[in-house]
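Undergrad: Just a sequence and a predicted model for now, questions to come.
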Amino acid sequence: MEYLTVEDSAAKLGRHPEMVRRWIREGRLRAERVGGIYLIHRDALRKFKPPEARPRIVRWLRATPRSQWHAIREELETLDSGQALCGRQIEAPDPSDERWLVRQRPTEDVCSTCAELVTKAGKQ
């Protein structure tokens, strides 16, 4: 029997190792625990159908103190210009100024279109 580690299985599935561990703990993916690590049988991995990956919103960005907060996608996580969910092109602020880039949804001055799209998709 051939077994794979969580890390190898994650690489084959194109997911993060912690997600593979979660599927194992939830009973979705069969694995054996040996010496404190999970081992996944190659056949179990081949039969496993992972849920579709959702794009996540990880940052809220605003270019100036007076502009609205906009949601940007994970792949735009760097402080570069990018396109917000609402379609607006956002110019990034000075990289040394962390105040304009946050993970949690701000409570005021939020773009209503971005907020609605995030809420509708259940991404945050």
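TA: The structure has been received and is ready for your questions.

Undergrad: Tell me, please, where in this protein the pLDDT is lower than the cut-off.
TA: 1, 53-58, 74-82, 92-101, 122-124 (pLDDT under 70).

Undergrad: which residues of it fall in strands?
TA: For the chain, applying DSSP state E gives strands covering 3-5, 32-34, 37-41, 57-61, 70-73, 82-83, 89-90, 101-102.

Undergrad: nearest to Pro50, of those?
TA: strand 37-41 (12.3 Å; Cβ to Cβ). C-beta coordinates here come from the backbone N, C-alpha and C atoms, glycine included.

Undergrad: Of all the strands of the chain, which one comes closest to Arg21?
TA: Of all the strands of the chain, strand 37-41 comes closest under Cβ to Cβ, at 6.7 Å.

Undergrad: what sits up against the closest one?
TA: Outside of strand 37-41, the residues within contact range by Cβ atoms under 8 Å, 6 or more residues apart in numbering are 1-6, 9, 20-21, 24, 29-33.

Undergrad: of those, buried ones?
TA: Tyr3, Leu4, Val6, Ser9, Val20, Arg21, Ile24, Leu29, Ala31 (16 or more other Cβ atoms under 10 Å).

Undergrad: how near is the fifth one to Arg59?
TA: The one in question is Val20. Between Val20 and Arg59 the computed distance is 25 Å (Cβ to Cβ, to the nearest Å).

Undergrad: And Glu2, by the same measure?
TA: Taking Cβ to Cβ, one finds Glu2 at 40 Å from Arg59.

Undergrad: got it, and Leu45?
TA: 33 Å.

Undergrad: what does Arg105 give?
TA: Per Cβ to Cβ, Arg105 is found 10 Å from Arg59.

Undergrad: Show me which of those two is the more surrounded one.
TA: Arg59 (20 against 15; other Cβ atoms under 10 Å).
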